[in-house]
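K.L.:
show me the folded form of this:
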Amino acid sequence: FYPIGTPGQPWTDAERDQWRATTKVQRSYSEEVVQKLNKLDESSWEVVQYGSLPHDPDKYPLYAVKSKPWSGDRPTVMVTGGVHGYETSGVQGSILFIQTEAAKYAKDVNVLVFPCVSPWGYECVQRWNYQVLDPNRSFKRDSECQTYESKQLMAYVDGLNADIICHVDLHETTDTDATEFRPAKFAEKGLDNVQGVIPDGFYLVGDSKNEGGQLDFQTAIIESVKKVTHIAPPDDGKIIGEEVVRDGIIIVPAKELGLCGGVTHAKYTTTTEVYPDSPKASDEICNRAQVAAVTGAFDYVMAAMCSDIKRFYPIGTPGQPWTDAERDQWRATTKVQRSYSEEVVQKLNKLDESSWEVVQYGSLPHDPDKYPLYAVKSKPWSGDRPTVMVTGGVHGYETSGVQGSILFIQTEA
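P.N.:
This is a model prediction of the structure:
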């Protein structure tokens, strides 16, 4: 029986105080998490403090990382790490994802990352939080089971009013689950410890109430992670007592259990479980496995988004080429969005006349006064010398072709 408490009797506040007294800081949230967030590229990422832990708010601020630019018109993908603070790769893996992979998704969707949901647990290497509660059973709205961590995260997520389409919650299953945290959990309830089998390898926990767990989505993640680390084999057809529905995948009712993985209404959700104590694993492998899980999830979702897009353009009739009527219809959808005069012509007119000649060589006939066509020639011009040529803006919407050619004249030509 666990050394705190009396066998057969649930803990009181006295035993919880006794348990807290056994905890101690073993690593630095500030150095290992916050300082890394502060070094992120400010042009690409916004680090937002959405709360703090009330027993020590200065030491334990709570942070989210949002991609820039953020748009309410785009869907959002979300990552949470460190819901159980002692599960290191959930925290470090989420930061590594931001540092190495997230930017490619931020081009098309909002990216939202909570790198360390339970910073006290991270520092003290504990599954429980300071309240002696399991944060990953507390993500229930309008429930008394909420913890400091879950309540503030849910309030922030709800306040964003974002269209979250995918959520990956990063976790570990460790040997200390069997030696420390499970015995403590049973003792706190006044029960005898029930031994469990720690899976040797990576596995996923899907939400059984979310379209049957979205098994193709889960499988895509498993295939991505296989490139980095091994997948947990079943023990008599089960992992942690749950039936294995596909290789490395179990499903549970995440929302009903108050799991962080069920905190949103996302179509695609999963909880990862890395096994850091395997002889085949290392800190680096565990962090990379978490990144592989996130990218596997997001790649699947991005492909699904593309397949949902209507494949035919809204103008015209499928299978029939456009006529002048459709072309007129297309023209009617266009509008001026920037100024050729201000952004191009005025820059040409400011070039050094002793070095450059700006020549109008034509115009667009539908509006010749508004759209004169210009070339820029070096001075002196000689027919005896070879010529080098640059063209920009053949496709007018390709901005850097236009501005890059002007910048070349201004700085290097």
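
K.L.:
distance of the residue sitting furthest away from the middle of the chain relative to residue 349?
P.N.:
Distance from the C-alpha centroid of the chain peaks at residue 384, with 58.9 Å (Cα atoms, centre = their mean). Shown here: residue 384 relative to residue 349, a distance of 29 Å by Cβ to Cβ, to the nearest Å. Glycine gets a C-beta too; all of them are placed from N, C-alpha and C.

K.L.:
rewinding a little: list phi and psi for the residue farthest from the centre of the chain.
P.N.:
Backbone geometry at residue 384, expressed as degrees, to the nearest 10, gives phi -90, psi -10.

K.L.:
number the residues from 872 up from this point.
P.N.:
From this message on, residue numbering opens at 872, which makes the last subject residue 1255.

K.L.:
tell me where the stretch 1022-1171 of the chain has helices.
P.N.:
Under the criterion DSSP state H, counting those that start in this stretch, helices of the stretch 1022-1171 of the chain are mapped to 1047, 1053-1059, 1086-1096, 1125-1128, 1154-1179.

K.L.:
show me what counts as buried in stretch 1021-1029.
P.N.:
Within stretch 1021-1029, the residues that count as buried by 16 or more other Cβ atoms under 10 Å are 1021, 1023, 1024, 1025, 1027, 1028.

K.L.:
I meant stretch 1128-1145, not that one.
P.N.:
1129-1135, 1137-1145.

K.L.:
with stretch 1086-1099 instead?
P.N.:
1088, 1089, 1090, 1091, 1092, 1093, 1095, 1096, 1097, 1099.

K.L.:
mind putting those residues in a markdown table, distance to residue 1047 and pLDDT included?
P.N.:
A markdown table is the format used below for the buried residues of stretch 1086-1099 (distance: Cβ to Cβ, whole Å; pLDDT from 0 to 100):
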| residue | distance to residue 1047 | pLDDT |
| --- | --- | --- |
| 1088 | 30 | 97 |
| 1089 | 26 | 98 |
| 1090 | 29 | 98 |
| 1091 | 30 | 98 |
| 1092 | 25 | 98 |
| 1093 | 25 | 98 |
| 1095 | 27 | 98 |
| 1096 | 22 | 98 |
| 1097 | 26 | 98 |
| 1099 | 23 | 97 |
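
K.L.:
can you pull the phi/psi pair for residue 1200?
P.N.:
phi -60, psi -40.

K.L.:
hmm, who's touching stretch 1021-1038?
P.N.:
921-923, 933, 935, 943, 945-951, 980-981, 983, 985, 988, 1006, 1009-1012, 1017, 1129, 1131-1132, 1134-1141, 1168-1169, 1172, 1176 (Cβ atoms under 8 Å, 6 or more residues apart in numbering).

K.L.:
let's see that with 6 Å instead.
P.N.:
Residues from elsewhere that reach stretch 1021-1038 (Cβ atoms under 6 Å, 6 or more residues apart in numbering): 921-922, 933, 946-949, 1006, 1009-1010, 1135, 1137-1140, 1168, 1172.

K.L.:
try stretch 1218-1237
P.N.:
Contact with stretch 1218-1237 is made by 1242, 1243, 1244, 1245, 1246, 1247, 1248, 1250, 1277, as judged by Cβ under 6 Å, 6+ apart.

K.L.:
so of the contacts of stretch 1021-1038, which ones are in strands?
P.N.:
Residues from these lying in strands, with DSSP state E as the criterion: 921, 922, 933, 947, 948, 949, 1139, 1140.

K.L.:
circling back: which among the helices of the stretch 1022-1171 of the chain is found nearest to residue 1261?
P.N.:
The closest approach between residue 1261 and any of the helices of the stretch 1022-1171 of the chain, judged by Cβ to Cβ, belongs to helix 1154-1179 at 35.0 Å.

K.L.:
now that closest one: buried residues?
P.N.:
By neighbour count on 16+ other Cβ under 10 Å, the buried set for helix 1154-1179 is 1156-1169, 1171-1173, 1175.

K.L.:
hang on, the earlier thing: want to throw the buried residues of stretch 1086-1099 into CSV with distance to residue 1190?
P.N.:
Shown next, in CSV, are the buried residues of stretch 1086-1099 (distance: Cβ to Cβ, whole Å):
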residue, distance to residue 1190
1088, 34
1089, 38
1090, 36
1091, 34
1092, 38
1093, 40
1095, 38
1096, 43
1097, 42
1099, 46
